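*Asks:* below is the sequence, then the predicted model.
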Amino acid sequence: MTVAGLSFAFNSLTNSHHFARKIGLFTDGRRDLAFDARRDWCAAHGIETIEIGAGNFSDAPHCNLARLLDSAEARADFSGALAQRGLRLSALNCSGNLLDPDPERRSASHKVFRADQGVRLALEMHPSQIVYNTRTLLRLREVCGAAVGANLDPSHLFWQRMDPLRVIGALGAAVFHVHAKDCWLDADEMALNGGLETRVSVSGTRAWEHCIPGKGHAESFWREFVAALQRVGYAGSLSIEYAGPRAEAPCCAGRAPAE
């Protein structure tokens with residue numbers, strides 16, 4: 001199943017349940033395109049919201065963060081350029097490693113967090129991080145307040161052998177943003193070397209690998225995934241994040257017609 005298949009599953013469910021139909025894209029997946037070309041490509045492929053890399057792991061190919069912070073005019077131009085193509089910004093992606101041993105990279109990951117100005121912080125529950133599962137995410141939210149929640153990426157949960165549907169139910173309103181990304185698992189490698197494997201994947205020899213929706217789990221899962229999000233009141237977008245050797249952005253995106 002391609003991303004178009006995910007969109008079809010999304011559409012077929014939302015037609016009858018009045019769920020906001022928003023397919024988004026993390027634009028680092030089309031880093032080969034300049035801002036205007038990327039904007040046009042998204043609109044042409046039925047993408048409605050975009051998530052833009054703003055630094056840290058991303059070199060921010062579509063976002064001059066310093067200029068946007070310094071200039072109200074730049075922010076207005078940026079928002080206007082998206083609106084011209086019917087696009088909306090769903091999130092700024094500033095994924096980084098706060099415990100990075102390199103002092104320069106670690107310093108770049110520490111940014112001012114302004115909850116008092118309506119900023120919300122959505123963390124991915126990622127293996128090897130301090131917040132990696134449901135319990136640790138909710139613990140951080142308990143300490144820091146309701147402005148902290150989850151960027152729910154099911155691929156990281158599959159990798160840990162967690163059930164994304166149960167996680168959604170447990171987090172409820174703490175689901176702030178969602179990545180549409182799958183994870184392919186090799187049962188033999190998983191049995192032999194486990195899910196903590198840190199090798200760089202070569203020809204599918206690792207126990208797990210990120211992939212586009214449908215390459216790891218069937219369309220039936222994605223239908224249940226969207227339904228679970230609906231039950232907890234999530235009305236945001238499914239932001240497609242391309243990652244792994246099985247992901248080829250130019251040929252895998254597009255909204256399928258609803259039936």
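*Replies:* That came in fine, so what should we check first?
*Asks:* mind listing the helices for the stretch 1-150 of the chain?
*Replies:* Ranges of helices in the stretch 1-150 of the chain, per DSSP state H, counting those that start in this stretch, are 3-17, 35-44, 65-70, 72-83, 103-109, 134-144.
*Asks:* mind telling me which of these the model trusts least?
*Replies:* Looking over these, mean pLDDT reaches its minimum on helix 3-17, with a mean of 48.
*Asks:* residues of stretch 207-219 that come out buried?
*Replies:* For stretch 207-219, the buried set under the neighbour-count rule, 16 or more other Cβ atoms under 10 Å, comprises 207-217. C-betas here are computed from N, CA, C, even on glycine.
*Asks:* how close does Thr134 get to Phe176?
*Replies:* 14 Å (Cβ to Cβ, to the nearest Å).
*Asks:* ugh, wrong one, Ala170
*Replies:* Ala170 sits 15 Å away from Phe176, going by Cβ to Cβ.
*Asks:* those two - which one has more neighbours?
*Replies:* Between Ala170 and Phe176, Phe176 has the larger neighbour count (other Cβ atoms under 10 Å), namely 19 against 15.
*Asks:* what residues are up against the more buried one?
*Replies:* Contacts for Phe176 were tallied using Cβ atoms under 8 Å, 6 or more residues apart in numbering; they are 120, 122, 149-151, 236.
*Asks:* what's the burial count for Asp188?
*Replies:* 8.
*Asks:* which secondary structure state does it sit in?
*Replies:* helix (DSSP: H, G, I helix; E, B strand; the rest coil).
*Asks:* gap between the two ends of stretch 25-38?
*Replies:* 11 Å (Cα to Cα, to the nearest Å).
*Asks:* so what touches it?
*Replies:* Residues from elsewhere that reach stretch 25-38 (Cβ under 8 Å, 6+ apart): 41-42, 47, 49-53, 58, 61-62, 81, 93, 179, 239-242, 247, 249-250, 253.
*Asks:* now swap in stretch 168-175 and tell me
*Replies:* Residues contacting stretch 168-175 (Cβ under 8 Å, 6+ apart): 134, 137-138, 141, 148-150, 152, 225, 228-229, 231-234.
*Asks:* check contacts around the closest residue to Phe57 other than its chain neighbours.
*Replies:* In this structure, Phe57 finds its nearest non-sequential neighbour in Ser95, 4.8 Å apart by Cβ to Cβ, 6 or more residues apart in numbering. Applying Cβ under 8 Å, 6+ apart to Ser95 gives the contacts 56-58, 124.
*Asks:* do the same with Asn64
*Replies:* Ala74.
*Asks:* picking that back up, any idea which of the contacts of stretch 168-175 has the most stuff around it?
*Replies:* Leu152 (28 neighbours).
*Asks:* quick check: Leu69 vs Gly96, distance?
*Replies:* 17 Å.
*Asks:* in which helix or strand does the most centrally placed residue in the chain reside?
*Replies:* Most central in the chain under Cα atoms, centre = their mean is His179, positioned 2.8 Å from the mean C-alpha point. In the assignment (DSSP states H and E), His179 maps to strand 175-180.
*Asks:* ok, then the element right after that strand?
*Replies:* Assignment by DSSP H and E places the next element after strand 175-180 at strand 182-185.
*Asks:* who's sitting farthest from the centroid in this protein?
*Replies:* Distance to the chain centre peaks in the chain at Leu192, reaching 29.6 Å (criterion: Cα atoms, centre = their mean).
*Asks:* please save the CA atoms from the one helix or strand that one maps to in CSV.
*Replies:* In the assignment (DSSP H and E), Leu192 maps to helix 187-193. Output of helix 187-193 as CSV, limited to C-alpha atoms (Å, rounded to 0.1, in the frame of the first residue of the first chain):
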residue,chain,number,x,y,z
ALA,A,187,10.9,-11.7,12.7
ASP,A,188,14.0,-13.8,12.3
GLU,A,189,16.4,-10.9,13.0
MET,A,190,14.2,-9.7,15.9
ALA,A,191,14.4,-13.2,17.5
LEU,A,192,18.1,-13.3,17.0
ASN,A,193,19.2,-9.8,17.8
